[in-house]
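[1] what's the 3D shape of this:
(one chain, ligands or ions: 2)
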Amino acid sequence: MDVIDVFPRLQMFRFRIGQAYLWRDGPELTLIDAGTVGEGPAIAAAIRDLGHRPEDVRRVVLTHWHPDHAGSAAEVAAWAGAEVLAHRLDAPVVRGEVPGPPPVLLDWERPLWEHAMTVPPAPPTHVDRDLADGDVLDFGGGAHVVGAPGHTGGSIGIHLPEHGVLFTGDSVANVGQLMLGTFNVDRARALESYGRLAALGADTACFGHGDPLVGGAARALRESAEREAAEAARPTPSADRDSRLEVENRGPLTGA
Ligand SMILES: [Zn+2]
Ligand SMILES: [Zn+2]
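    Ligands and ions are numbered 1, 2, ... in the order given. Purely as a prediction, here's the structure:
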């Protein structure tokens, strides 16, 4: 696992597939997503390296149920009872009460999906609090839950207006290019959600996959969302897209 500073109080934890974020309010820690199963010890070591105790994690906010995001939530919660939060439509999947609905794959997504399936399943994980659009959580000066259905039914963005920071989960990705996230259960709704997240005007955007955009994110997101919507309206989507995508994380961050 790599640890990348986004801001002094915001770190990105980068796993083989997928990413999680640590937000620090003084001594109080919040994780946005928790990586694949088995990453608990690596996350704990990173938290210690930053001068905190793993027990200082108060909450784990899951952007959606996928195993590259929810996999280690139970491990983190076991340290000292951190609260686990997920949208009410994804929480039953996180708890293992119902199977996760598979995505409706586009042709160019199929080979990428084969690779994504190498992520081990997440163990059933308790969720302490079911979230809904509009909820405001007690970290980051007030963290707004933004309903963003489409990637999964209960996908959410987390918006910190006081800091101009947006966590998009997999509703948006920055893998070789800024784009709508892949593997959606409902692509049309995901496109609507992309527009909604872009309209928040966040200066910094942190994605489930790919490098964060630090500064100037609002304009980049808006232009990308408009481009995606226009492309979706065309009869034949572009065929060369898969050659530009990166699913797996490699090497250190360059630039931004
Ligand atoms: Zn993901
Ligand atoms: Zn996902």
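[2] For Met179, see how far away the closest residue to ligand 2 within the stretch 1-150 of the chain is.
    Across the stretch 1-150 of the chain, the shortest distance to ligand 2 (Cβ to the ion) belongs to His66, at 3.5 Å. Backbone N, C-alpha and C define where each C-beta goes, glycine included. Distance, His66 to Met179, using Cβ to Cβ, to the nearest Å: 17 Å.
[3] ok, now Val136?
    Distance, Val136 to Met179, by Cβ to Cβ: 29 Å.
[4] ok, these two, which is more surrounded?
    A count of neighbours by other Cβ atoms under 10 Å puts Met179 above the other of Val136 and Met179, at 21 against 11.
[5] residues contacting the closest residue to that one other than its chain neighbours?
    Distance criterion Cβ to Cβ, 6 or more residues apart in numbering; nearest residue to Met179, sequence neighbours excluded, is Ala173 at 5.7 Å. Neighbour list for Ala173: 179-182, 207-210 [criterion: Cβ atoms under 8 Å, 6 or more residues apart in numbering].
[6] per-residue confidence at Ala173?
    We have a pLDDT of 97 for Ala173.
[7] ok, now the one 10 residues further on?
    At Phe183 the predicted local distance difference test score is 95.
[8] Phe167 belongs to a strand?
    Yes - applying DSSP: H, G, I helix; E, B strand; the rest coil, one finds Phe167 inside a strand.
[9] Strands of the stretch 1-150 of the chain, start to end?
    2-7, 10-14, 19-25, 28-32, 57-61, 83-87, 129-131, 136-137, 143-147 (DSSP state E, counting those that start in this stretch).
[10] could you redo the ones you listed as CSV and give each row mean pLDDT and distance to ligand 2?
    Listed next are the strands of the stretch 1-150 of the chain as CSV, based on pLDDT from 0 to 100; distance: least, Cβ to the ion, whole Å:
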stretch, mean pLDDT, distance to ligand 2
strand 2-7, 97, 20
strand 10-14, 98, 15
strand 19-25, 98, 11
strand 28-32, 98, 13
strand 57-61, 98, 15
strand 83-87, 98, 13
strand 129-131, 98, 17
strand 136-137, 98, 21
strand 143-147, 98, 16
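[11] Done for today, thanks.
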